[in-house]
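*Asks:* the sequence isn't on hand, but the structure is:
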């Protein structure tokens, strides 16, 4: 749920602004390569993305809608007429980044470098007309929707026609099949949203007020989208939602039903599950993981903390012992599983002992894939007025202690792989140096680790065998192509 605090590999860096599209392979329709010079076409549009993988799907959907309106999409925001900014508003630093991005674009508009600024996404959804009052120079604001009206309005503005400055959403987005997306990810993977919204009332989180109550997309819709993605060349489906484990409960199904169906989509190599809330965990999922090699032995399960008193203050279900019990069962029943989690430090009332317990939990359970962040008081949440605020310098020291524990785990676990042969799904190539960059099954794209493989001319989307030679300073694997480096049959995993 809190990937904004971990957009860089393993929480090293803060959120990243991404000009989109960055790919030449849409699911539908085709779009041009980045344009390096402005042509006399007032319909030249660029999009800058902020935030998490779910928001990235929205960015790809916005691009698809605009392409359907005949707008020319460019991946170069420096040479365009209109810039659409898809914002994030989860925590304070994300809001600040979004607002600074708006100011930067308005400054460019003032200098005559661009003609129009459009702001969409979570920041608009959260602050609504108040944001329009704060930034009256913005040409168009759009709440979260299916973005058809946004694209139509950008088309109208590009044609010199007037439109209302503010597009309110007609209500919560229906859990329907997504429209056309211009994919910004390499063809090796794509994100697949399985539901919208969240029913939890965690005291630190504003997401339900932004994204609404949980609504599952139908199994047929998700599988249909999956088939379309795979037919376009996607090899790995990364399942995302505000709460993945809640999928299907509003329609008499459970997440394992969906994962099993996706594993049987012809041509899929990996299915990866992100944002699996630990409460009411659907244990049949482990049987599906064992039965279908296409399902990565990987689970992103955000526990947030391990001290029971902190979990209670956060309004999280269960105790620290119950969290440990869930992870114990996962590791016992699926010994090769890789666990990723999200941790929040510095929550009001957290003590030094609580923070020490959290760091020790990371060591004991060997969790090396972590998105960690310090508490940010959010207006409209129960935690905003809680007493016992932790000073910023103390919270930062506790955050660094958690990362130090994570690094201890990674140092040992990654070095233990030296000399092993692993399967790598290729995400990026550097043909001149015969180098490819990819991931074994235990690493999710963008937020986890990578494997850099020398002496390989594999293409993006290929699976190759590689020998681990060393580990770099960020604990990524330095590899060489194995002598037996032939693509594995569908379903084999490392």
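*Replies:* Sure, I can see it. All of these numbers come straight from a predicted model, not from anything done at the bench.
*Asks:* switch to C-alpha atoms for all contacts and neighbour counts from now on
*Replies:* OK.
*Asks:* show the pLDDT at residue 491.
*Replies:* Looking at residue 491, its pLDDT stands at 41.
*Asks:* wait, residue 205
*Replies:* Reported pLDDT for residue 205: 80.
*Asks:* just confirm it contacts residue 381, I think it does.
*Replies:* Yes: assessed by CA atoms under 8 Å, residue 205 is found in contact with residue 381 at 6.5 Å.
*Asks:* which of these two has more neighbours?
*Replies:* For the pair residue 205 and residue 381, the greater number of neighbours falls to residue 205 (24 against 18), based on other CA atoms under 10 Å.
*Asks:* now residue 403. Nearest residue, chain neighbours left out?
*Replies:* residue 372 (7.7 Å; CA to CA, 6 or more residues apart in numbering).
*Asks:* where does the one you found land in three-state SS?
*Replies:* strand (DSSP: H, G, I helix; E, B strand; the rest coil).
*Asks:* now it: how far from residue 414?
*Replies:* 20 Å (CA to CA, to the nearest Å).
*Asks:* so between these two, which is more surrounded?
*Replies:* More crowded of residue 372 and residue 414, by other CA under 10 Å: residue 372, with 24 against 18.
*Asks:* and that one, how far from residue 152?
*Replies:* 39 Å.
*Asks:* ok, residue 47 next?
*Replies:* Relative to residue 152, and taking CA to CA, residue 47 is found at 15 Å.
*Asks:* more neighbours: these two, which one.
*Replies:* residue 47 (26 against 18).
*Asks:* just checking: what are the partner strands of the helix or strand that one falls within?
*Replies:* Assigned by DSSP states H and E, residue 47 belongs to strand 44-49. Here strand 44-49 has these sheet partners by DSSP bridges: strand 18-20 (antiparallel), strand 72-73 (parallel), strand 82-87 (parallel).
*Asks:* ok, residue 381 to residue 131 distance?
*Replies:* 19 Å.
*Asks:* hmm, I typed the wrong one, I wanted residue 396.
*Replies:* Counting by CA to CA, the gap from residue 396 to residue 131 is 30 Å.
*Asks:* what of residue 441?
*Replies:* 42 Å.
*Asks:* those two: which has the busier surroundings?
*Replies:* residue 441 (24 against 17).
*Asks:* hang on, that one packs against residue 298?
*Replies:* Yes: using CA under 8 Å, residue 441 is in contact with residue 298, at 7.4 Å.
*Asks:* hang on, the earlier thing: the residue nearest to residue 403 reaches residue 399, doesn't it?
*Replies:* Yes: look at residue 372 against residue 399 with CA under 8 Å: they come within range, at 7.1 Å.
*Asks:* residues shared between the contacts of the two?
*Replies:* Residues touching both residue 372 and residue 399 by CA atoms under 8 Å, 6 or more residues apart in numbering: residue 345.
*Asks:* what's the pLDDT at the spatially most central residue of the chain?
*Replies:* Nearest to the geometric centre of the chain sits residue 53, at 2.5 Å (CA atoms, centre = their mean). pLDDT recorded at residue 53 is 89.
*Asks:* dihedrals phi and psi, it?
*Replies:* According to degrees, to the nearest 10, the main-chain angles of residue 53 amount to phi -60, psi -30.
*Asks:* surely it and residue 240 touch.
*Replies:* Yes: between residue 53 and residue 240 there is a contact at 7.3 Å, judged by CA under 8 Å.
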